[in-house]
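> here is a sequence together with a model predicted from it:
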Number of protein chains: 2
Amino acid sequence: MNRDDLLAIGEVAARSGVASSALRYYETLGLITSTRTSGDRRRYRRSVLRRIAVIRAAQQVGLSLGDIAIAFVDLAPHAAPTKRDWRRMAARWKPLLERRIQDLQRVRDNLDNCIGCGCLSMQQCTLYNPHDKLAAIGPGPRRLFPPLPR
Amino acid sequence: MNRDDLLAIGEVAARSGVASSALRYYETLGLITSTRTSGDRRRYRRSVLRRIAVIRAAQQVGLSLGDIAIAFVDLAPHAAPTKRDWRRMAARWKPLLERRIQDLQRVRDNLDNCIGCGCLSMQQCTLYNPHDKLAAIGPGPRRLFPPLPR
DNA sequence: CCAGTACATCAAGTGGACTTGAGGTCAAGG
DNA sequence: CCTTGACCTCAAGTCCACTTGATGTACTGG
């Protein structure tokens, strides 16, 4: 239906699983870009799907859209990140991801312990230790990570 | 300083790393409870620290405070969860946690792939595949998991 | 006794990530 | 030509997890 290999917002929404309104919102944040038709409709390059996938992945890691935007402008002023850009971003995010995984594994291991012990021997339980990394991570789900290292 | 083995809100805040205002907020949600002194100050049992640790852990897993509250009223109407209660909660949350870890590992493995390949061979890249589990997880960080299984 | 600090309530504000609604436009099919 | 559906903008609303501010009360040290 689209001759120019460009996607309408609805198509992008369908293929990415992200609502059109969210896509417009991403655009206001500079996370994605679009061209317009004569009738002012957004047209997206196919590469936007990759970009969106990266955004979702980064959200998974715990980055805010602001953090992601920074990473994007920082690394890729153009719409389709190059191999090199992508590699840099991936390298940068990986430690965060690793740490996040480790944190969750710690929680899981504690659950295992607690399932075994009933968690009444609290002294050595890291869940119970308020001043470990978990506590330092921040005020709950909305900020799972500190801001990107400068 | 406290004879009755009860903790003032400031002490709980200091020991748990959670702000007093957040503790009061948790109380409005029924996540924690307190008794009052004659002067209307909150006094917490020591076990509240464990409860708070559990709350933070569950947030780590991606549960909302609402979800946690449900799990709590569901399992533990009393202030200090018993060994059995805690075991059940842990057992219930563990699959969520495992899944979350797996999802993140998937992302990480993809990053590894992409660091190697530059992510330009997108066909087999699961990051690029919009209809996989990642896309299904939901609208970003605020709801990393579907609501608790019934 | 008096100052200072810690705590109380309650209403309102914040930030993130969107969604919803009102009101209008554009392009295709019958 | 006219309807329908997808799209547009912009302002406002929503949900979550808290925080902040105003105003008042209680206990502690000097």
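Here it is on my side, so go on. Everything numeric here is computed off the predicted structure, so don't read it as measured data.

> endpoint to endpoint, stretch A:38-53 covers what distance?
By C-alpha to C-alpha, to the nearest Å, the extent of stretch A:38-53 from end to end equals 28 Å.

> got the buried residues for that stretch?
Of the residues in stretch A:38-53, A:42-45, A:48-53 count as buried by neighbour count, 16 or more other C-beta atoms under 10 Å in any protein chain shown. C-beta here means a position set from N, CA and C on the backbone, and glycine is covered the same way.

> out of those residues, which sit inside helices?
A:48-53 (DSSP state H).

> contacts only, for whichever residue of chain A sits closest to DNA strand D.
Residue nearest to DNA strand D within chain A: A:Gly10 (2.4 Å; C-beta to the nearest atom of the strand). By C-beta atoms under 8 Å, 6 or more residues apart in numbering or on different chains, the residues touching A:Gly10 are A:Ser20.

> 10 Å instead?
By C-beta atoms under 10 Å, 6 or more residues apart in numbering or on different chains, the residues touching A:Gly10 are A:20, A:23, A:41-42.

> near DNA strand D, from those?
Filtering the contacts of A:Gly10 for neighbours of DNA strand D using C-beta under 7 Å from any atom of the strand leaves A:20, A:41-42.

> just the CA atoms of the helix or strand hosting the residue of chain A closest to DNA strand D, as CSV, please.
Using DSSP states H and E, A:Gly10 sits within helix A:9-16. Presented in CSV, the C-alpha positions along helix A:9-16 are these (Å, rounded to 0.1, in the frame of the first residue of the first chain):
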residue,chain,number,x,y,z
ILE,A,9,2.0,5.7,11.7
GLY,A,10,-0.7,3.0,12.0
GLU,A,11,1.5,0.5,10.3
VAL,A,12,4.4,1.3,12.5
ALA,A,13,2.1,1.0,15.5
ALA,A,14,0.8,-2.4,14.3
ARG,A,15,4.3,-3.7,13.6
SER,A,16,6.0,-2.4,16.7
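
> I'd like the next helix or strand past it.
Assigned by DSSP H and E, the successor of helix A:9-16 is helix A:20-28.

> which SSE is immediately downstream of that next one?
Next along from helix A:20-28, by DSSP H and E: strand A:35-36.

> who does that following strand pair up with?
Using DSSP bridges, the strands paired with strand A:35-36 are strand A:42-44 (antiparallel).

> ok, and what's touching the strand it pairs with?
Applying C-beta under 10 Å, 6+ apart, the contact partners of strand A:42-44 are A:2, A:4-12, A:15-16, A:20, A:23-24, A:27, A:32-37, A:48, A:51-52, A:79.

> show me what residue of chain A gets nearest to DNA strand C.
For chain A, C-beta to the nearest atom of the strand, closest residue to DNA strand C: A:Gly39, 2.6 Å.

> nice, that's everything, thank you.
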